[in-house]
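Enquirer: Need a 3D model of the sequence below.
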Amino acid sequence: MTTITTRTVEYPADDVTMIGHLALPAGVDRRPAVLLGPEGMGLSDVERRRADALAELGYVALAFDLHGGRYLDDPEEMLARCLPLLADPDRMRGIGHAALDVLRGEPRTDPDRIAAVGYGTGG
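Expert: Predicted structure coming up:
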């Protein structure tokens, strides 16, 4: 297993401060990157671990936030937040693009080699 570095990143999107999880591979060179979108409940340890695993494989990885640092495990609260997002593609794209801007702004990211994966709402 390679040594990775992780850190929390804060950035504005959807009128709130989002709190993402950035995982960096060992070294100092530019690397391909992966943007990870979470399920509707929000960023969890599942996506954080996935970002870490990608960093161990040599990718810069950012697991992004949907709810301003909150994890919505109450189904009614999650639906109240997510259904309007899903009904407004521009708003959803704005959240994704804000995270993509953070990933592109990371000096270790090769801006010509970025992929995206997502789960549920974040997909």
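
Enquirer: OK, contacts around the residue lying closest to T5 once chain neighbours are set aside?
Expert: Leaving aside its sequence neighbours, T5 sits nearest to L24 (CB to CB, 6 or more residues apart in numbering; 4.6 Å). Just so you know, the C-beta spots here come from the backbone N, C-alpha and C atoms, and that holds for glycine as well. L24 is in contact with 4-7, 55, 60, 106, 108, counting by CB atoms under 8 Å, 6 or more residues apart in numbering.

Enquirer: at 6 Å what do you get?
Expert: Each residue near L24 by CB atoms under 6 Å, 6 or more residues apart in numbering is listed here: 5, 55, 60, 108.

Enquirer: Ok, L62 next?
Expert: Counting by CB under 6 Å, 6+ apart, L62 has contacts 20, 22, 35, 103.

Enquirer: now, the most widely separated pair of these?
Expert: Within the contacts of L62, L22 and L35 form the most distant pair, 10.6 Å apart (CB to CB).

Enquirer: just to revisit the earlier point, let's see if you can find the most crowded of the contacts of L62.
Expert: G20 (26 neighbours; other CB atoms under 10 Å).

Enquirer: What is the least confident helix or strand in the protein?
Expert: helix 75-87 (a mean of 92; mean pLDDT, DSSP states H and E).

Enquirer: quick one: contacts of that one?
Expert: Residues from elsewhere that reach helix 75-87 (CB under 6 Å, 6+ apart): 40-41, 72, 91-92, 121.

Enquirer: got the buried residues for it?
Expert: Of the residues in helix 75-87, those with enough neighbours to count as buried (16 or more other CB atoms under 10 Å) are 78, 81-82, 85.

Enquirer: Repeat that for stretch 88-104.
Expert: So for stretch 88-104, counting by 16+ other CB under 10 Å, buried means 92, 95-96, 98-100, 102-103.

Enquirer: gap between the longest helix seen in the chain and the chain center?
Expert: In the chain, with assignment by DSSP state H, the single longest helix is helix 89-105. How far helix 89-105 lies from its chain's middle: 9 Å, per CA atoms, centre = their mean, to the nearest Å.
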